[in-house]
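Undergrad: sequence and predicted model, in that order:
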Amino acid sequence: MTAFTPTTVFITGASSGIGAACARAFANIGAKLVVVARRRERLDAIAKELATAHRTKTHVATLDVRDRKSVERVVDSLPEPFAAVDVLINNAGLGIGLDKLHEGNVDEWDLMIDTNIKGLLYVSRALIPGMVARGKGHVINLGSLAGREVYPGGAVYAATKYAVRALTKALRLDLLGTGLRVTTIDPGMVDTEFSTVRFRGDKARADKVYQGLQPLTGDDIADAVLFCATRPPHVDISELVLMPTAQGSTTMAHRAPPAAGPASR
Ligand SMILES: NC(=O)c1ccc[n+]([C@@H]2O[C@H](COP(=O)([O-])OP(=O)(O)OC[C@H]3O[C@@H](n4cnc5c(N)ncnc54)[C@H](OP(=O)(O)O)[C@@H]3O)[C@@H](O)[C@H]2O)c1
């Protein structure tokens, strides 16, 4: 079996967490990168780091995936060395708030739906036709364990990730016969900026999510993404679920009790 070596990898949400870890993992095997997100200075810092570490050629573009015209512009104006994207990692996404549905913030629902579903669709629609024309490509979507099990306060985030799973499955059917591959990677708890975003910048509250257990890291997920992308062309890992060993479901985790502090007087 001959493994596949990606040459040009397009990563959305590469400024942080899983996306940044994917950029490092694919740079490490010599791929060229297209990295997009809203925070330009973060992307520039990653591109600089990878140019120094691996001589990686990186094309950086500031992009809000909710803006369809900008998505089309960025894809249509990819410089020639980056135009033949063979791996698309649809990673940009967020969960925000943990409110009960009947008390939820409707603007935050829009933000999640527009980013996690519509943004993923816009980027896919812009890039997949080129892959089909070249008869080669791999679309890797970042779903979530929340796309398989709901949890209290997570209704809309889970709904967006159920949608990602549905889109992944349907896309795979639509692409049958083209030679393209489609994968969803569905992680449980990963320690990134995800929880800080979820709790609207409250880092102390975000840290509590991971207290007493060892969460996955962005590198753990990037390792799985890289594994899927480097299988021989006839192998499509269609779904991959990863959880910390200490997590059983979206609502169950085993946490070590906090270490005893000094006795109170
Ligand atoms: N962490 C977890 O526990 C976990 C578990 C399951 C699934 N996931 C999924 O994994 C993916 C990555 O999340 P993460 O954990 O790495 O969180 P993160 O550290 O907060 O990274 C999220 C990335 O998405 C980008 N992004 C958000 N909105 C965007 C927009 N409108 N346009 C372009 N980029 C946007 C952010 O960049 P800018 O802010 O610079 O735009 C950032 O680079 C998400 O789809 C998330 O749902 C995470």
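TA: Sure thing, it's come through.
Undergrad: centre of the chain to stretch 231-244, how far?
TA: On the basis of C-alpha atoms, centre = their mean, to the nearest Å, stretch 231-244 is displaced by 15 Å from the centre of the chain it belongs to.
Undergrad: enumerate every residue touching Thr245.
TA: Under the criterion of C-beta atoms under 8 Å, 6 or more residues apart in numbering, the contact partners of Thr245 comprise Gln214. In short, each C-beta sits where N, CA and C put it, glycine included.
Undergrad: and the gap between it and the ligand?
TA: Distance of Thr245 to the ligand, computed by C-beta to the nearest ligand atom, to the nearest Å: 15 Å.
Undergrad: phi, psi for that residue please.
TA: phi -60, psi -30 (degrees, to the nearest 10).
Undergrad: pLDDT score for it?
TA: Thr245 carries a pLDDT score of 98 in this model.
Undergrad: quick one, what contacts Ala155?
TA: By C-beta under 8 Å, 6+ apart, the neighbours of Ala155 are Leu101, Gly104.
Undergrad: the one 3 residues further on too?
TA: Ala158 makes contact with Ser144, Ala146, Gly147, Glu149, Val150, Tyr151 under the criterion C-beta under 8 Å, 6+ apart.
Undergrad: do Glu193 as well
TA: Applying C-beta under 8 Å, 6+ apart, we find Glu193 in contact with Ser16, Gly17.
Undergrad: on that earlier part again, kindly reformat the contacts of Ala158 as JSON lines containing secondary structure, distance to the ligand and neighbour count.
TA: Compiled in JSON lines, these are given as follows (DSSP: H, G, I helix; E, B strand; the rest coil; distance: C-beta to the nearest ligand atom, whole Å; neighbours: other C-beta atoms under 10 Å):
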{"residue": "Ser144", "secondary structure": "coil", "distance to the ligand": "4", "neighbour count": "27"}
{"residue": "Ala146", "secondary structure": "helix", "distance to the ligand": "7", "neighbour count": "23"}
{"residue": "Gly147", "secondary structure": "helix", "distance to the ligand": "8", "neighbour count": "25"}
{"residue": "Glu149", "secondary structure": "coil", "distance to the ligand": "12", "neighbour count": "15"}
{"residue": "Val150", "secondary structure": "coil", "distance to the ligand": "14", "neighbour count": "16"}
{"residue": "Tyr151", "secondary structure": "coil", "distance to the ligand": "12", "neighbour count": "15"}
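Undergrad: mind putting those in TSV, pLDDT included?
TA: What follows is those, written out as TSV (pLDDT from 0 to 100):
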residue	pLDDT
Ser144	98
Ala146	98
Gly147	98
Glu149	98
Val150	98
Tyr151	98
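Undergrad: next one: the helix or strand where Thr184 lies to chain centre, how far?
TA: Counting by DSSP states H and E, the secondary-structure element that holds Thr184 is strand 181-187. Distance, stretch centre to chain centre, for strand 181-187: 10 Å (C-alpha atoms, centre = their mean).
Undergrad: that strand near the ligand at all?
TA: Yes. Where contact is defined by C-beta under 6 Å from any ligand atom, part of strand 181-187 touches the ligand, namely Pro187.
Undergrad: each with direction, which strands does that strand pair with?
TA: Using DSSP bridges, the strands paired with strand 181-187 are strand 138-142 (parallel), strand 239-242 (parallel).
Undergrad: and among those, the most buried is which?
TA: strand 138-142 (a mean of 26; mean count of other C-beta atoms under 10 Å).
Undergrad: can you pull the contacts of the nearest residue to Val164 once chain neighbours are set aside?
TA: Leaving out its chain neighbours, the residue that sits closest to Val164 by C-beta to C-beta, 6 or more residues apart in numbering is Gly143, at 4.5 Å. Shown in contact with Gly143 (C-beta under 8 Å, 6+ apart): Lys161, Val164, Arg165, Thr168, Thr184, Ile185, Asp186.
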